[in-house]
Each structure stands twice: as C-alpha cells, then as structure tokens.
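Asker: prediction below, plus the sequence it came from.
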Amino acid sequence: MHRLRQGILLSAIAVLPGLCAAQQPPVSDTISISSEVASTWQENGTNVIAFSSPVQIELDSAKMSADGAVIWVSNPRGIVPDSRYVEIALIGNATLEHGTARRTGDRLFVTAQVRGSIRMDTRERLTQDASDSELFDVASALRDQIGFSLRTETGQWRMPRPSPFVEQPQVRRIPTTPAEPVQTQVNLQVEKGYRIRLPDETIAVVVDQGLKVTIRTGEGQLTHLSAQRGVVFTTLKDISAEEEMESGSRFHDSIEAVYLEGDVRIVTIPKDGSRPDSRLEANEAFYEVATDRAVLTNAVMHTIDPGSQVPIVVRASTLKQLSKEPDRAEYRVRNTTLTTSSFLTPSYSIAAEKAYVRQVDRGDWFGTRTSFSSTHNTLRLFGVPVLWLPYVGGTITERGFPLRGVEIGSNGSFGFFTKTEWGLFESMGRVPPRDVDASFNVDYLSKRGPAFGIDANYRGSSISDTTGEPESYFGKLRSYFVYDEGEDDLGGNRRDVNPPDFMRGRLRWEHQQFLPDNWQVQLRTSWISDATFLEEYFPSEFRSIEPQETSAYIKRQWNTEAVYLL
C-alpha cells in the first residue's frame, strides 16, 4: 500500500474512473444482430459468433455498431433462469448508445443477459472455427483483459479489473540476457506533396494534403499519425533514394521525425491490451519516431479506463510525451484540465498550471503505478474554481488506493451533498482477498444529515472431497444508514412524509450456493426501517421487481424432474 505524499484531493478525483466497481449486466428480452457474414463455432461449451464485416446489434435499451465483432454466448449457472450470458467485443469504429448516452472508441466491450432468442440477419452464415483470425485475437485479448472470463467448469465468471476477483498476475522476472532490439516499421501515405533537400543534405517531404503515418513497434503495438499537412524528415542523403519514396522500403525505414499541422490525430494501440488505446488531438505536433517522443500544442488526450470503461479526457495548451513504451509512459503538460467529460465545460474538473505524470506497470497485484506532481491546482465546478492548492503530488496504484469514488452535487430532496466510496481492505492497509470486494460509503446530505453504509460482493468455488463434484457460491451485501432530520418529498400530489425515527436505513443480504448432486440453495434477507425510505433514497431499486423479503429456496433438479422448497 502506498501513501500519498501530498494533496489527497487531486489524486482521488484523478483515479475515480479506474475504481468503479463492476456490476452484473442487465437482462434483455431480445437481441438482434445484422451483418453480411457470420462464422459460428463452439469453444469449451460456449457458442462463439464472429462478424468480419460491419455489424449492428440491438438490445432492449442499447444499440451498437462496429467494423467487426465477436460474441460469446453461454449458459453459466447463477444467472437469471432461462437466460443466456452474452459478451460482445466491438472492434473498429465502435459505437454504443444507451438511452441518451453515447460512447465511441476503437474497441468497446459490452456484457448482457438475454432471456429470449438471439436473432441474426446475415447474408452468409458459415459453420467454421475462426479463432485463428486477427479479429478473434484482438477480441479475445479485449475479453480477457476487460471482460468476464467464464469458468465453464463451475459456471462462474471473474469480474473485470480493478475488482480483486481478477487472478493475481505473476511477477515478471527481469531477463539476465540482453533483450533483442525492437524493430520499428514505418509506412507513409501522402495525397499531395513534394520532396526537398534540407541544409544538412538530408531529404524531407513537404505534404500539402493528406498526411498519414503508421508506426509498428515490435510485433504488435501500433501508432497512427494523421494530419491535413506536415513535413516528414528522413536520414537519406543520396539522390537515388528519392526515387524509392513510393515503392521502396528504404525510404520508409529512414523516416526519423514528422511535423504535423491541422486536425492532428495520434492514436496508439498497445500490443497486448494491457493498457487502453489512447487518442491525442492537437493543432500542431512534432513526433520523433525512434524514441516515441512528441510535443503537441492545444492538445486533447482521450483514453478509457480498462476496468470501468469510463472515458478520461485531458486538455492542455502544451503536452510533451517524453516516452511511451509497452510497460511505461511519461508525460509533461502545461495549462491542463483533467475530467471524465468530453464537453468543453465539464460539470467537474481539475485544472493545473504544470503537471508531470509517470506510469509504470510493475507486474504485481497493484497494477500500473502512477506518480504525479502538479502546481497551482484548482477544483472547478462547471468551469468555476472552488478550491485552490499550490502543490499536489504523490503515487497511486491501479487498485491499492482506498478512495474509489467522489460525488458532489445538489438537489431539492437532499440539498448540497458529498458522497464518497472507499475500499474497505485498502483503507486498513491490507491487500483484498481474491474473491471478496468490500467497500464502505461515507456521505453528508445538508438537508438530511450524515450517512454510512457497507457493500460487499463475494464468490468462491471448490471441489468436494467426497464426491469430486464442483461446489460454488456467490453473494452480496448492501447496507445504508442515515441520521435523517428532513422530510421525504415523494413527488406529484403526495404529501411530504416525516420519518418516524431519526435513524433510518436498509440492510439486504443475498447468497446462492451450488452443491453436489444437483442441489442449490438461495438465501435472502432484507430489513428496511420504514415504508418510504427505499423510495426516497433508492428509487430505482424501489421500482424494481425484486422483492424485499426474507426467504430460503432449496432445489434439486435432475433430467426433467425437480424438487424444491420455498
């Protein structure tokens, strides 16, 4: 566990996107898929569908599209009865629309549960294994890193990062022999341009229109650069090499730097998916090919947290990319703004005059370690500064920081409120158990009072010593308590309700266990302080169909027969 040296506030909000807890996917009645060509096969009892052509997917409340996709359909135990679990990897120009929200990116991963049939509208459906295709390799890596990896032997799946349900990675060992030099391949595309000779006798290409550069580092990492115009610098000096610009590889290999101007875009796709894709936009940029160093003006950096898929946006007047390797990255920015919103004036943001960020993947349980320092920092709400700190710095880790989320707002029912979520084990300075994710909430509502709650998710599996059959279980705990000095405003023509007691709250526990010989047990208990508490504080849960009750359900099912007790 690493302590912050100074300035907890900035680091807390900076790591907000990476510490959102994963949730079980929603249930849809139908799913419709439209594409030209589909390949279907089975993999360890899971149905796999690959779409190598543009695809459109519709759920009850979501629409998706991409240049290609891979879908895994399974029937794990523990989900809603008579439903299937669907994992969708969208590859290339991916778009996800859910209500009024819209998310785009080069790769997106979506999960859902579907009760009804899966309808496919395709011109050609092939029954063949396409697991050796590049599309499947990219989608499978995305699924392993971000999505749910199903354990077919137990019917359970592991949660995406940063949940502690992820298998702890092995610590990488430093090789004793020198590493092989990394090969870099460069490809240049120009719509309109001409060659010139610089004072040092080297040849450069002045591009008037349509500049595109693709850099492949090692075996997999790709960097795409594009702009309206620019200059390409090479190390070639002999005149005969000029003739190889369009056809020969010697010219491409000699490119050492690129100046880009006008609608500059730099997209980096990591080799193994260990980090999300990053997208840089700027007015001008200078990129050094051999070292991956870059300088950008009026820059906007877009990336996505790999655990929660929440977007992260950084704006800066000047951004210097000092290095960018598979396991580390280093940036220096000036006049920067950090937020999770793509709007020019976000609801909340952190602004700093100068900042330095260094990320290193240490290969241990804590994941990527981020060291940062910044000066003249301000917390802003809708562009208005509300708090100033002269200096903020420290070190945070991908999973080890105790603060998971902060929410600041105001409404008519609660007044001005501050809500925080903390990791329970992280706050005690301990590494969380692999199959337990526990957190607690500390809130303050100006019209109501202080509030506190504990939430937990757990799961596990084992093999019976007597029968050799697998056993598995999972469950969750939800609690929330508030010292309430206000009234419940239930809306409409209903009168405001005075709570019967100042101390109000709820407690709910659910547990499901699969036993040998086809037995399963479901336990549920619920306590609510009064009739209107749930409707006032958790309206979506109040309107759901799940009963708030105490019950025990025991069932044994084999073949076409079943015996149960409720």
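Answerer: Happy to help now that I have it. Numbering: from 1, shown residues only.

Asker: list the helices and strands the longest helix anywhere in the chain packs on?
Answerer: Longest helix in the chain, counting residues (DSSP state H): helix 134-146. When contacts are defined as 3 or more C-beta pairs under 8 Å, 6 or more residues apart in numbering; DSSP states H and E, helix 134-146 packs onto strand 46-51, strand 68-74, strand 84-98, strand 101-114. No exception for glycine: its C-beta is placed from N, CA and C like everyone else's.

Asker: run the chain-centre distance for stretch 348-368.
Answerer: Stretch 348-368 sits 16 Å away from the centroid of its parent chain (C-alpha atoms, centre = their mean, to the nearest Å).

Asker: could I have the CA atoms of it written out in CSV?
Answerer: These are the backbone C-alpha positions of stretch 348-368, laid out as CSV (Å, rounded to 0.1, in the frame of the first residue of the first chain):
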residue,chain,number,x,y,z
TYR,A,348,-16.4,19.0,-12.6
SER,A,349,-12.7,19.1,-13.5
ILE,A,350,-9.2,19.5,-12.1
ALA,A,351,-7.0,22.3,-13.6
ALA,A,352,-3.3,22.8,-13.1
GLU,A,353,-0.6,25.1,-14.4
LYS,A,354,2.0,22.5,-14.8
ALA,A,355,1.9,18.7,-14.3
TYR,A,356,4.2,15.7,-14.6
VAL,A,357,2.9,12.1,-14.9
ARG,A,358,4.8,8.9,-15.0
GLN,A,359,3.1,5.5,-15.3
VAL,A,360,5.0,2.2,-14.8
ASP,A,361,3.4,-1.3,-14.9
ARG,A,362,5.3,-3.2,-12.2
GLY,A,363,3.6,-6.5,-12.9
ASP,A,364,2.3,-7.1,-9.4
TRP,A,365,-1.2,-7.1,-7.8
PHE,A,366,-1.3,-3.3,-7.6
GLY,A,367,-1.1,-3.0,-11.4
THR,A,368,0.0,0.2,-13.0
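
Asker: any idea how far residue 549 is from the residue lying closest to residue 529 once chain neighbours are set aside?
Answerer: Leaving aside its sequence neighbours, residue 529 sits nearest to residue 504 (C-beta to C-beta, 6 or more residues apart in numbering; 4.4 Å). For residue 504, the distance to residue 549 equals 19 Å [C-beta to C-beta, to the nearest Å].

Asker: which one of these two is surrounded by more residues?
Answerer: A side-by-side neighbour count of residue 504 and residue 549, using other C-beta atoms under 10 Å, places residue 504 first with 23 against 9.

Asker: neighbours around residue 131, how many?
Answerer: Look at residue 131: counted by other C-beta under 10 Å, it has 15 neighbours.

Asker: what's near enough to touch it?
Answerer: 41, 43, 48, 140 (C-beta atoms under 8 Å, 6 or more residues apart in numbering).

Asker: got a ChimeraX select line for the buried ones in those residues?
Answerer: Of those, the buried ones can be selected in ChimeraX as follows, counting by 16 or more other C-beta atoms under 10 Å:
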select :48,140
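
Asker: out of the contacts of residue 131, which one sits closest to residue 197?
Answerer: The closest of those to residue 197 turns out to be residue 140 (C-beta to C-beta; 48.3 Å).

Asker: surely the closest one and residue 70 touch.
Answerer: Yes. Here residue 140 reaches residue 70: they are 7.3 Å apart, a contact under C-beta atoms under 8 Å.

Asker: now do the shared contacts for those two.
Answerer: Common neighbours of residue 140 and residue 70 (C-beta under 8 Å, 6+ apart) are residue 89.

Asker: tell me the two of the contacts of residue 131 that are most distant?
Answerer: Most distant of those, by C-beta to C-beta, are 41 and 140, 13.3 Å apart.

Asker: ok, residue 125 - contacts?
Answerer: In this structure, residue 125 makes contact with 37-40, judged by C-beta under 8 Å, 6+ apart.

Asker: with residue 529 instead?
Answerer: 501, 503-506.

Asker: rerun at 10 Å
Answerer: The contact partners of residue 529, by C-beta atoms under 10 Å, 6 or more residues apart in numbering, come to 481-482, 484, 499-501, 503-507.

Asker: just the ones of these in strands?
Answerer: Those of the contacts of residue 529 mapping onto strands are 481-482, 503-507, per DSSP state E.

Asker: same list, these, but as a markdown table with pLDDT and distance to residue 534 please.
Answerer: Formatted as a markdown table, the ones in strands among the contacts of residue 529 follow (pLDDT from 0 to 100; distance: C-beta to C-beta, whole Å):
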| residue | pLDDT | distance to residue 534 |
| --- | --- | --- |
| 481 | 96 | 13 |
| 482 | 96 | 12 |
| 503 | 95 | 16 |
| 504 | 95 | 10 |
| 505 | 95 | 10 |
| 506 | 94 | 6 |
| 507 | 95 | 12 |
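
Asker: from the residues you listed, which would you call buried?
Answerer: For these, burial is judged from neighbour counts taken by 16+ other C-beta under 10 Å, and it is met by 481-482, 504-507.

Asker: list just the nearest of the residues you listed to residue 388.
Answerer: Closest to residue 388, out of all of these and judged by C-beta to C-beta, is residue 482, at 31.6 Å.

Asker: quick check: that closest one touching residue 453?
Answerer: Yes. With contact defined as C-beta atoms under 10 Å, residue 482 reaches residue 453; the gap is 8.7 Å.

Asker: now the common contact residues for these two.
Answerer: Joint contacts of residue 482 and residue 453 (C-beta under 10 Å, 6+ apart) are 443, 505-506.

Asker: related to what we said a few turns ago, which one of the contacts of residue 131 sits closest to residue 436?
Answerer: For the contacts of residue 131, the closest approach to residue 436 (C-beta to C-beta) belongs to residue 140, at 27.7 Å.

Asker: quick check: the closest one vs residue 217, distance?
Answerer: For residue 140, the distance to residue 217 - C-beta to C-beta - is 22 Å.

Asker: what's the answer for residue 486, then?
Answerer: Where residue 217 is concerned, residue 486 sits at a distance of 58 Å (C-beta to C-beta).

Asker: with residue 118 instead?
Answerer: 39 Å.

Asker: with neighbour numbers in mind, choose between those two.
Answerer: residue 217 (20 against 15).

Asker: report pLDDT for the more buried one.
Answerer: Note on residue 217: pLDDT of 74.

Asker: is it bridged to anything, and to what?
Answerer: residue 184, residue 221 (DSSP bridges).

Asker: from now on call the first residue 237
Answerer: Shifting the count to begin at 237 puts that one at residue 453.

Asker: so who does the residue nearest to residue 765 touch?
Answerer: 684-685, 687, 716-720, 724, 764-766, 768-769, 772-773.

Asker: give me that answer again for 7 Å
Answerer: 718, 720, 765-766, 769 (C-beta atoms under 7 Å, 6 or more residues apart in numbering).

Asker: winner for burial among the helices and strands packed on helix 370-382?
Answerer: Greatest average neighbour count among the helices and strands packed on helix 370-382 goes to strand 304-310 (a mean of 23), per mean count of other C-beta atoms under 10 Å.
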